[in-house]
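Novice: Based on what follows, work out the 3D shape:
(one chain, ligands or ions: 1)
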Amino acid sequence: MGPFSNSMAQNTYLCSQFFHAMKIEEEIVKRRTFAIISHPDAGKTTLTEKFLLFGGAIQTAGAVKSNKIKKSATSDFMDIERQRGISVATSVMSFEYNDVLVNLLDTPGHKDFAEDTYRTLTAVDSVILVVDCAKGVEEQTKKLMEVCRMRDTPVIIFINKLDREGKDPFDLLDELEETLNIKVRPLSWPISMGQSFKGVYNLYDHSLNLFTPGQQRLTDDNINISDLNDPLVDKLVDKRYADQLRDDAELLDGVYDPFDMEQYRTGQLAPVFFGSAINNFGVKELLETFIQIAPTPRPRETDQRYIKPEENKFTGFIFKIHANLDPKHRDRIAFLRVTSGKFERNKFFYHSRLDKKVRFNSPFSFLAQAKNVVDEAYPGDVIGLYDTGNFKIGDTLTEGEQLQFRGIPSFSPEIFKEVQNLDPMKTKQLEKGLQQLTDEGVAQLFVHEMGQKKVIGTVGELQFDVIQYRLQHEYGASCRFNHVSFFKACWITATDPLKLNEFMRRKSEYVFEDKDGNAVFMAESAWILNVMKQDFPGVTFHTTSEFKTEMA
Ligand code: G4P
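Specialist: Numbering: from 1, shown residues only. Next up, the predicted model:
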């Protein structure tokens, strides 16, 4: 081949690379991948449903709601089974709205599945946090926010249930700032609430959205009010409330800086909206602002370098594994978040942890809640991969590069129990079952170095029922869980290895290994943990398995 044809070939190659890169960039700007999160009962499911109605992904209200685990004390194992059956379908809800492809990742509302939620948050680029206007910031709101803060995830806050009496909106904003440790900026403002709720004033585009009790609104009939002193406002909402709104607006302008996109995108400032999800009120504004301001797929940190979504080469990670409860179908579904380049069906990719090539002939997407086989996927997309046991949570796929994504830590569980094998003939099955359930992230397993003591850690009691049931039905192993009085699992490190060794020797009874062989100290109480910190100043105690940022 002469030099001419060589350069022709090179040009063709460069052109194809160029168009490949252009296509990836085009797809990236179209995507918003996020989750709606809340303390149970604040209105997450209701808001999700309204978004899906707007996006045309569902036709009737109630479609998502009926899938939800009941939060009451009646939650039992049957509820979990029911939930597991349908949760693949609702794990990712993709729909198009105003030419934007929205990927909404579902997070379990039930407190016992909080760990699942934390992991899902590693796969999103932003979140909408729903807060009940009467209850304000609740326990789970704080925890979820801490997880968001670890990765500087941009947050929009939706204050819900304005059709009910709630806390004063200024007090709510103060509470959000104080307890969630984030600056806030209201972008809409309620005019009264409860029985006398009149509507919201959009501080961003200066329009009034009037509330009519019991009316579901899918149309946009906001009234433009460029000047709040316009007498029309008095007519529309009654003079008393109009005056209050004027005072509030003046105060808001004095107290809060104008909305700053950069601060929102870096997770320092949360814009706040008010509304009522059940009445579909304030929801359209929220969705439309979200589409405008929420970030497109963001770069991700790995142990080697930052991965930019627009890179030509594909990378992605597994953040969730869903097992099939049916023993006849032991396949599992691994959820992959694409982080850069283009994922392609039937192409060989590199499984970084196992150091082997893998390919998928029927990966599927979740557009409009149906499982469709996809040929390609782009950054921000989540696809389901059928798995026969190759994947663990946190696994990375690339086009050959050896890397591991950061920001998929394990968090300290809240409930600990020791596993007691009830059938010594089935010890192997028990071990295998525990190993696989841990890989899936159902619970965390801590093994005592010396003996064979195995402790399971979860965030909720329900998981123990799930584990027991699955060990029995899928692995034929039976076990019992015995009480152990641990309060927290702390991953331990020290700059001086001698100090760490000394600690591990002196406290050996309480030092366990996690699934990756890291040393973990099991603290029996907050008091003991403090004593340890004082007695062993050279040792650092972390409450997550990744030590860059700490949860409180
Ligand atoms: P969650 O997913 O965060 O747990 O909350 P979910 O949407 O299930 O809402 C919890 C309860 O709050 C539901 O009532 C729901 O109807 C109600 N709700 C949601 N948004 C609003 C709102 O804007 N105003 C009022 N007043 N209520 C709202 P439920 O009685 O538990 O269930 P259901 O019988 O209504 O289905």
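Novice: What residues sit buried inside the helix or strand hosting E502?
Specialist: With secondary structure defined by DSSP states H and E, E502 is part of helix 497-506. For helix 497-506, the neighbour count (16 or more other C-beta atoms under 10 Å) marks L500, F503, M504 as buried. C-betas here are computed from N, CA, C, even on glycine.
Novice: Please name every helix or strand in contact with it.
Specialist: For helix 497-506, the helices and strands in contact under the criterion 3 or more C-beta pairs under 8 Å, 6 or more residues apart in numbering; DSSP states H and E are strand 488-494, strand 519-523, strand 539-542.
Novice: Run the angle between the first one and helix 497-506 for me.
Specialist: Orientation of strand 488-494 against helix 497-506 (axes from the mean of the first three to the mean of the last three C-alpha atoms, to 10 degrees) gives an angle of 140 degrees.
Novice: who does strand 488-494 pair up with?
Specialist: strand 519-523 (antiparallel), strand 539-542 (antiparallel) (DSSP bridges).
Novice: Show me the residue at the heart of this protein, geometrically.
Specialist: Ranked by distance to the mean C-alpha position of the chain (C-alpha atoms, centre = their mean), the top residue is L121 at 2.2 Å.
Novice: Let me know the distance separating K392 from Q244.
Specialist: Taking C-beta to C-beta, to the nearest Å as the measure, K392 and Q244 are separated by 56 Å.
Novice: neighbour count winner among those two?
Specialist: Regarding K392 and Q244, a neighbour count based on other C-beta atoms under 10 Å identifies K392 as having more, with 19 against 15.
Novice: What pLDDT does the model give that one?
Specialist: pLDDT, the model's per-residue confidence, is 86 for K392.
Novice: In terms of pLDDT, where does the residue of the stretch 351-500 of the chain at minimum distance from the ligand sit?
Specialist: For the stretch 351-500 of the chain, the nearest residue to the ligand under the criterion C-beta to the nearest ligand atom is G460, separated by 15.0 Å. At G460, the predicted lDDT confidence score is 78.
Novice: before we move on, what SS does it have?
Specialist: Three-state call for G460 (DSSP: H, G, I helix; E, B strand; the rest coil): coil.
Novice: which SS class is Q463?
Specialist: When the structure is reduced to helix, strand and coil (three-state DSSP), Q463 reads as helix.
Novice: same check, this time on F259
Specialist: In terms of secondary structure, F259 is coil; the call rests on three-state DSSP.
Novice: Dihedrals phi and psi, it?
Specialist: In this entry, F259 is assigned phi and psi values of phi -60, psi 130 (degrees, to the nearest 10).
Novice: tell me which element the residue lying closest to it once chain neighbours are set aside falls in.
Specialist: In this structure, F259 finds its nearest non-sequential neighbour in R185, 5.0 Å apart by C-beta to C-beta, 6 or more residues apart in numbering. Using DSSP H and E, the element containing R185 is strand 183-186.
Novice: Only the buried residues of that strand, if you could.
Specialist: Counting neighbours by 16+ other C-beta under 10 Å, one finds that the buried residues in strand 183-186 are V184, R185, P186.
Novice: Could you point out the bridge partners of the last one in the sheet?
Specialist: Using DSSP bridges, the beta-bridge partners of P186 come out as V272.
Novice: Would you agree it is in contact with D253?
Specialist: No - distance between P186 and D253: 10.6 Å, which falls outside the contact criterion (C-beta atoms under 8 Å).
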